[in-house]
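Chemist: sequence? don't have it. structure:
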């Protein structure tokens, strides 16, 4: 049987209402991430929390030592669950995540978190390149609205524009219900 781990990426206070970089849909994404977390815990699957810490106190968000950089209460780590701190979008860069996954015998990873267009995307692509079977849970992720070249792109379009290529080339992109139904059938 393939060993599966859940990786929760940057579900931190600054991404919620009142934070320095509030994302549309973050409450719903975190609620779904909490469902995934409860399921992984019930099945005693490895869980890895990723926490982004900016390199500077002057960063726009996730400033070191602030409440905004803390993991949100909806997915607070339990004792024994690994927390890796990073300061790059790819959760493998500068962390012990890869070694911990290999040590645990993990072959398949389930990813959720924020932001879809940054850290989720970078981590999913890197994980696939490293040989992991990747599943991204789209409704447990949130994106930011962006502007480029004078064009404003709403968060739901940014999210879809990221999930589509991930599904086409890097792994499965599913919903929380898909994961729960799949896990119950197993």
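Modeler: Great, that's in hand. All figures in this text were calculated on a predicted structure; none of them were measured in a lab. Numbering: from 1, shown residues only.
Chemist: continuing past the longest helix along the chain, what's the next helix or strand?
Modeler: Scanning the chain for the helix with the most residues, using DSSP state H, yields helix 26-42. Note on helix 26-42: by DSSP states H and E, the next helix or strand toward the C-terminus is strand 47-52.
Chemist: just the angle between that following strand and helix 26-42, please?
Modeler: 150 degrees (axes from the mean of the first three to the mean of the last three Cα atoms, to 10 degrees).
Chemist: strand 47-52 pairs with which strands?
Modeler: strand 4-9 (parallel), strand 82-86 (parallel) (DSSP bridges).
Chemist: go ahead and name everything in contact with the shortest one.
Modeler: Read it as strand 82-86. 46-53, 71, 77, 91, 93-97, 100 (Cβ atoms under 8 Å, 6 or more residues apart in numbering). In this view, the C-beta of every residue, glycine as well, is placed from N, C-alpha and C.
Chemist: give me the buried subset of the residues you listed.
Modeler: Among these, those classed as buried by 16 or more other Cβ atoms under 10 Å are 46-52, 71, 91, 95, 97.
Chemist: so of these, which two are at opposite extremes in space?
Modeler: For those, the maximum inter-member distance is 20.4 Å, found between 46 and 52 (Cβ to Cβ).
Chemist: tell me which stretches of this protein form helices.
Modeler: 26-42, 97-103, 121-129, 155-165, 176-185.
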